[in-house]
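>>> Provided below are the primary sequence and the corresponding predicted coordinates.
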Amino acid sequence: MVKSLSKDLRWRIIYCQAEGFTQNEIAKRMYVSEATVNKVCRIFKKWGCVKDPFICRVGRRKIFTTQDMSALKSLVKDKIDWYLDELVHEMEQRTGKLDVNN
């Protein structure tokens, strides 16, 4: 399993590049490979951040869409005194998605 670099280390690479260090010098200073330095610099140049924003996230896929979230927001705004189980039941009715914990 590949360990990912911390966000702090990625920013340090960018700061060193801005100060005029070569990629070889940065790699030696940060104890990473030149390929890693090149990758971080390329991502920063393209996106303006140190991590590619379009790399998919690890974990469970989201089941709520933006329409579901707006429905939930309006429901919570209208029914401020409802209990959580009542909100869940109403959301199940509105979206057709069932609560897997029941």
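Good, I have the coordinates. Numbers count the residues shown, from 1 in each chain.
>>> roughly how far apart are E19 and R12?
E19 sits 11 Å away from R12, going by CB to CB, to the nearest Å. Any C-beta I mention is one placed from the backbone N, CA and C, and that applies to glycine too.
>>> repeat for D52
To R12, D52 is 18 Å away according to CB to CB.
>>> looking at E19 and R12, which is more packed in?
R12 (17 against 9; other CB atoms under 10 Å).
>>> which helix or which strand is home to that one?
helix 7-18 (DSSP states H and E).
>>> after that helix, which helix or strand is next?
Using DSSP H and E, the helix or strand that follows helix 7-18 in sequence is helix 23-30.
>>> quick one: buried residues of that next one?
Within helix 23-30, the residues that count as buried by 16 or more other CB atoms under 10 Å are 23, 26-27, 30.
>>> what about the helix holding R12, average pLDDT?
Averaged over helix 7-18, pLDDT sits at 96.
>>> do stretch 70-78 as well
Stretch 70-78 carries an average pLDDT of 90.
>>> show me the contact partners of it.
64, 87, 90-91, 94-95 (CB atoms under 8 Å, 6 or more residues apart in numbering).
>>> where does pLDDT dip in this protein?
1-2, 56-57, 99-102 (pLDDT under 70).
>>> domains for it, by residue range?
Domain segmentation of the chain under automatic domain parsing yields 7-47, 66-95.
>>> what would these look like in JSON lines with distance to G59?
Shown next, in JSON lines, are the domains of the chain (distance: least, CB to CB, whole Å):
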{"stretch": "domain 7-47", "distance to G59": "18"}
{"stretch": "domain 66-95", "distance to G59": "18"}
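>>> point out the most buried one among these.
domain 7-47 (a mean of 15; mean count of other CB atoms under 10 Å).
>>> state the three-state secondary structure for the residue of the chain most remote from its centre.
Largest separation from the mean C-alpha position in the chain: D81, at 32.6 Å (CA atoms, centre = their mean). Following DSSP: H, G, I helix; E, B strand; the rest coil, D81 is assigned to coil.
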